[in-house]
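> here is my input; please provide its structure:
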Amino acid sequence: MSDENKRVIEINGVKLEIDLRNCKVVDNFRVGDNVKLLTKKYGDTFEDHAGVIVGFDEFKERPTIIVAYLEVSYSEASIKFAYINKDSKDIEMVKANENDIPFNKARVLDMLDKGIAVKERELEDAKHKKAHFMEWFSRYFHMHDKETVAIGKETTN
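Numbering: from 1, shown residues only. Prediction:
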């Protein structure tokens with residue numbers, strides 16, 4: 001890589017070497033690399049999360065590393081995003097080791113599937129409520145529409 005295509009920047013203490021031709025080479029980090037994030041929970045409590053660098057936005061004033069990370073609790077899993085730049089507080093990023101995966105793939109997929117099932121039930125419930133509304137209140141609106149038409153006819157005559 002020639003020097004005119006290379007730029008070194010620092011984001012939140014992490015030095016990055018950027019290939020300006022495709023903005024994917026990051027000093028020790030590359031888009032797609034597995035990382036660990038340390039995020040502040042509350043007070044002096046921190047949590048670590050497994051993540052993946054999913055992008056880099058080369059904003060002039062605040063170049064930003066975008067990390068998708070997994071938040072796993074006892075009963076659910078969710079994917080969140082961290083945007084790391086010079087203004088980021090209470091978050092650190094390091095390269096993940098091969099043995100740093102704090103979760104089981106099958107367990108996380110099961111939790112995500114359960115979350116999908118819950119949302120599908122909520123959607124079906126909302127559709128049933130709408131159908132019941134249309135069934136139970138259609139007479140009211142039908143009567144109300146007739147009254148509006150009748151009133152309109154009286155005032156126009």
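> please make it C-alpha for all contacts and neighbour counts, starting now.
Noted.
> low-confidence ranges in this protein?
Within the chain, the segments meeting pLDDT under 70 span 1-3, 12, 20-28, 100, 102, 143-157.
> and if we set it to 80?
Applying pLDDT under 80 to the chain picks out residues 1-29, 73-75, 97-104, 139-157.
> show me where it has its strands.
Taking DSSP state E as the criterion, the chain carries its strands at 6-11, 14-19, 25-26, 29-30, 34-42, 45-57, 64-72, 77-84, 91-95.
> quick one, what contacts Val67?
51-55, 81-84 (C-alpha atoms under 8 Å, 6 or more residues apart in numbering).
> identify the bridge partners of it.
Beta-bridge partners recorded for Val67 (DSSP bridges): Ile53, Ala82.
> how near is it to Arg121?
Taking C-alpha to C-alpha, to the nearest Å as the measure, Val67 falls 31 Å from Arg121.
> same deal with Lys105?
Taking C-alpha to C-alpha, one finds Lys105 at 24 Å from Arg121.
> Asp48 too?
With the distance defined as C-alpha to C-alpha, Asp48 ends up 32 Å from Arg121.
> neighbour-wise, which of these two wins?
Between Asp48 and Arg121, counted using other C-alpha atoms under 10 Å, Asp48 has the larger neighbour count: 18 against 12.
> I'd say that one and Thr39 touch.
Yes. Using C-alpha atoms under 8 Å, Asp48 is in contact with Thr39, at 6.3 Å.
> show me what contacts the residue most central in space within the chain?
The chain has Lys80 as the residue nearest its centroid, 4.3 Å off, counting by C-alpha atoms, centre = their mean. Contacts for Lys80 (C-alpha under 8 Å, 6+ apart) come out as 68-71.
> turn the residues you listed into CSV, including neighbour count and distance to Ser138.
CSV is the format used below for these (neighbours: other C-alpha atoms under 10 Å; distance: C-alpha to C-alpha, whole Å):
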residue, neighbour count, distance to Ser138
Ala68, 21, 47
Tyr69, 22, 48
Leu70, 20, 46
Glu71, 16, 45
